[in-house]
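>>> Need a 3D model of the sequence below.
(one chain, ligands or ions: 1)
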Amino acid sequence: MKLFNKSLLAALVFLGAAAAAHAANYQPHIIRFGYGLAEDSNQGRAAKFFADDLAKRTGGKLRMKGFANASLGSDIQMQNALIGGAQEMMVGSTATLVGIVGDFGVYDLPFVFRNEKEADTILDGPFGQALLNKLQEKGLVGLVYWENGFRNLTNSKHPIAKMEDLQGIKLRVMQNPVYIDMFKGFGANPIPLSFSELFTALETRTVDGQENPVTTIQSSKFYEVQKYLSLTKHVYSPWIVLVSKKWWEALNADERKAVQESAAAARDFERKDSRALSEKAIEFLKQKGMQVTVVSDKEIERMQETTRQAMFKFASDGHTSLVKELQSDLEKLRK
Ligand code: TK8
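Take a look at the predicted model:
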């Protein structure tokens, strides 16, 4: 009897201690928002805005924390973590989503959008929304598009003023067939690689070059390992704010509304910030020692001609009506 009491007491003491430890460690559930760029970047600033805005909107009930520098994984790893429910949210390139919903490759077709305004109208309109809707059955919820921006080329070999200058250049591209086809067409040697491995690959000269908006070339310090910048603006590249569908379904209607509204407010903030930064970035990169080549309109036209092949390949791969739809939406806009 005595023995029994003793062990019961010991068990009670143990349970009490465990409960106290639990209480001390307990934190309201944190929404993990992962992204690939540095904290000091357009992505990082918008992530912070998003977290602050969401906290305000929900009176501190929904608490989000940004994880920079792909510390939760590369774009593709995070997409899968969201699908599995191991992570709540992320922002990343639409281009890396093509393994999940192939239609997203439509945004990677070269020289589609002429300016940011066209991109905003298409992305925020019915066309962009229809693509977001396709993510649901794959276990993801797409909330809004942020701006990554018009992509430009950098490399460590020589200035690129015309397509032929790309001959033999080992160029990192995103893991996406449209990019591979496009740069093969230009005569480069495209190497698909995740963004999180890119700086090291450039530094060790595993690859000669890469392509990204000037804002990213600045915030990721590519100017430290790349000498030549060519302003090609070959693709307007969106970012997409993604949510784990598993997690989304556990939220109530008010919470979903708050997350959706905050994501949109952060989008407006991010686009403004990116565009302001973009204007100053080229000057900054020059000061850091980059040699900037403005590619002539005539050369851009030649590049555009060459990319018809990549366009055609994407369209004939089951995307004819999608490409037509985008083209007709753009024509309407341009009237
Ligand atoms: C950041 C990437 C990046 C993209 C790339 O995770 O991979 O080159 O432009 O923004 O999504």
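
>>> what does the stretch 151-300 of the chain put close to the ligand?
Residues of the stretch 151-300 of the chain lying near the ligand by CB under 6 Å from any ligand atom: 174, 195, 212, 216, 237. Any C-beta I mention is one placed from the backbone N, CA and C, and that applies to glycine too.

>>> Please read off the pLDDT at the second one from the model.
This points to residue 195. At residue 195 the predicted local distance difference test score is 98.

>>> From what I see, it and residue 74 are in contact.
Yes. Using CB atoms under 8 Å, residue 195 and residue 74 qualify as a contacting pair, with a distance of 6.6 Å.

>>> tell me, what's touching these two both at once?
Common contact partners of residue 195 and residue 74 (CB atoms under 8 Å, 6 or more residues apart in numbering): residue 36.

>>> more neighbours, those two?
A side-by-side neighbour count of residue 195 and residue 74, using other CB atoms under 10 Å, places residue 195 first with 23 against 19.

>>> Could you find the closest non-adjacent residue to the more buried one?
In space, not counting the residues next to it along the chain, residue 195 is nearest to residue 36; the distance is 4.8 Å by CB to CB, 6 or more residues apart in numbering.

>>> Check residue 318 too.
Looking at residue 318 with CB to CB, 6+ apart, the closest residue is residue 102, at 7.3 Å.

>>> tell me the contacts of the closest residue to residue 174 other than its chain neighbours?
Distances taken as CB to CB, 6+ apart place residue 95 nearest to residue 174, at 4.4 Å, with adjacent residues excluded. With contact taken as CB under 8 Å, 6+ apart, residue 95 is in contact with 104-105, 107-108, 174-176, 178-179, 237.

>>> And residue 163, by the same measure?
Contacts of residue 163 were listed using CB under 8 Å, 6+ apart, and they are 186-187, 299, 302-303, 306.

>>> Among the residues you listed, name the ones in helices.
Using DSSP state H to define helices, the subset of the contacts of residue 163 located there is 299, 302-303, 306.

>>> The residues you listed into CSV, with extra columns for pLDDT and distance to residue 141?
Converted to CSV, the ones in helices among the contacts of residue 163 look like this (pLDDT from 0 to 100; distance: CB to CB, whole Å):
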residue, pLDDT, distance to residue 141
299, 97, 41
302, 96, 41
303, 96, 36
306, 95, 37
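
>>> and the residue of the chain found nearest the ligand, how many neighbours does it have?
Scanning the chain for the residue nearest the ligand gives residue 36, at 2.0 Å (criterion: CB to the nearest ligand atom). The criterion is other CB under 10 Å. On that basis, residue 36 has 27 neighbouring residues.

>>> One more: residue 58?
Around residue 58 there are 17 other residues, counting by other CB under 10 Å.

>>> And stretch 315-329, what's buried?
315, 319, 322-323, 326, 329 (16 or more other CB atoms under 10 Å).

>>> Now tell me what touches it from outside.
For stretch 315-329, the surrounding residues in contact (CB under 8 Å, 6+ apart) are 102-103, 105-106, 109, 112, 122, 125, 127, 311, 314.
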